[in-house]
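Trainee: Structure here, sequence nowhere to be found:
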């Protein structure tokens, strides 16, 4: 009897736990930011001359950013202001319009970069530069000062 | 009666000594050498010093080089309001002589003989050379005049008592070098000058001791954010700081805003980085060399 019960309950517990972890907005957005940063590494590495230019990889990275731009706005719901060493700054919630504007700037710059379909290092520089600017633009006012 | 007189005399003496000890001490015109200013270098000092980071007009549409002030800085001491330093003769510093400017930057003393609060980082600017100050003043004179009024600071007791700043200066205003370096390495010496002087990096990256001065034993080892949540990072060459960064990583960060991991600069460092990006590359290289050669602190 006990075994039977356990065989039903334990997997259920596992499923709920995973679901809960998956739906924690702080963890989810931290994952998203890491993906975004990894994409920046791909493009930044090319611009810096550490990696050879690769149009396909660059476009793939731009698509990661596109996903961030589409999803990020919803990943800072009320109630996710603290925990998991979040670096989200209180200003996201006290100045939501300002934050949304910064996110919109990012989205617009990414769309323009995708539309440019950069086929050379020079073109990538021109396309990605404005996107990079919008990263800083949001991190300036909406991310907490932190240790390295 | 006699005792009363003695007591009154002692009190008077105490008041006079306190006023004397805390009096603002400036320079006189004879202290300054003759000099022809170089505006190009003044502009370089303007970006090295990050004047616009704090003094830019706060209005959304104002020009980037309009230094009308107005920014509110929320600190544990109360609220500081950044003043207008545009060339406007009434509200800015348009009527200032070079002597007035040097006294402000070296001594933290206003043309009217008052102490400035050290939120204005003259504890660092006091290390700037006279020539660089004269050049900077000449450059500031070319910027647009803005009429915006100044707003008074609103500080908590006892910090609202200005003569107290005189005592603070006696303890903390010292224009000697923080880090001792060999005299021969021009790059390192330039880096030290930029970091300890105009760049005023220590003002945020160095923790303060109980007197409110920068704790030189913890030079650039990171500190609480003076203006809000979070921490200002350790930028010494320690594992907790920049040990993993090469000099060219630091240079790249200051010019592009990207860490070696392609995380971006954030918070109040964004404006600092954008100023540093406008310096000649050799100045950023000098800053990087200096940061890799100071004592690593955890």
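Mentor: Everything's here; your move. These figures come from a predicted structure and were not determined experimentally.
Trainee: Which helix in chain B has the most residues?
Mentor: helix B:2-21 (DSSP state H).
Trainee: any idea how far that helix is from the chain center?
Mentor: Here helix B:2-21 shows a centroid-to-chain-centroid distance of 36 Å under the convention Cα atoms, centre = their mean, to the nearest Å.
Trainee: which other helices and strands contact it?
Mentor: Other helices and strands packing on helix B:2-21, by 3 or more Cβ pairs under 8 Å, 6 or more residues apart in numbering or on different chains; DSSP states H and E, are helix B:163-172. C-betas here are computed from N, CA, C, even on glycine.
Trainee: in the helix it packs on, what counts as buried?
Mentor: Neighbour-count burial for helix B:163-172, counted by 16 or more other Cβ atoms under 10 Å in any protein chain shown, picks out B:164, B:165, B:166, B:168, B:169, B:172.
Trainee: And the pLDDT for residue A:49?
Mentor: Looking at residue A:49, its pLDDT is 90.
Trainee: let me fix that: residue A:103
Mentor: pLDDT, residue A:103: 96.
Trainee: May I ask which helix or strand encompasses it?
Mentor: helix A:96-116 (DSSP states H and E).
Trainee: Surely residue B:267 is in contact with residue A:136?
Mentor: No: distance between residue B:267 and residue A:136: 10.1 Å, which falls outside the contact criterion (Cβ atoms under 8 Å).
Trainee: If you count surrounding residues, which of those two has more?
Mentor: Per other Cβ atoms under 10 Å in any protein chain shown, whichever of residue B:267 and residue A:136 has more neighbours is residue B:267, with 24 against 20.
Trainee: So that one: helix, strand or coil?
Mentor: Put simply, residue B:267 is coil when judged by DSSP: H, G, I helix; E, B strand; the rest coil.
Trainee: Identify the residues contacting it.
Mentor: Residue B:267 is in contact with A:139, A:140, A:143, A:144, A:145, B:225, B:230, counting by Cβ atoms under 8 Å, 6 or more residues apart in numbering or on different chains.
Trainee: excluding its backbone neighbours, what's nearest the residue nearest to the spatial centre of chain B?
Mentor: Central residue of chain B (Cα atoms, centre = their mean): residue B:121, 2.3 Å from the mean position. The shortest distance from residue B:121 to any non-neighbouring residue, by Cβ to Cβ, 6 or more residues apart in numbering or on different chains, is to residue B:200 (4.2 Å).
Trainee: and chain A, which residues reach chain B?
Mentor: Contact residues, chain A versus chain B (Cβ under 8 Å from any Cβ of the partner chain): A:37, A:40-41, A:44-45, A:48, A:87, A:89-90, A:132, A:135-136, A:139-140, A:143-148.
Trainee: give me that answer again for 10 Å
Mentor: Chain A has residues A:33-34, A:36-45, A:47-48, A:50, A:87, A:89-91, A:129, A:132-148 near chain B, with proximity defined as Cβ under 10 Å from any Cβ of the partner chain.
Trainee: Would you mind checking the average pLDDT for the longest helix of chain B?
Mentor: Helix B:2-21 comes out at a mean pLDDT of 88.
Trainee: For the helix or strand following that helix, which residues meet the burial criterion?
Mentor: Remark: after helix B:2-21, the chain's next helix or strand is helix B:39-49, criterion DSSP H and E. Under the neighbour-count criterion of 16+ other Cβ under 10 Å, helix B:39-49 has B:39, B:41, B:42, B:43, B:44, B:45, B:46, B:47, B:48, B:49 buried.
Trainee: Could you check how far the last one is from chain A?
Mentor: This points to residue B:49. 20 Å (Cβ to the nearest Cβ, to the nearest Å).
Trainee: Just the pLDDT for that residue.
Mentor: For residue B:49, the predicted pLDDT is 97.
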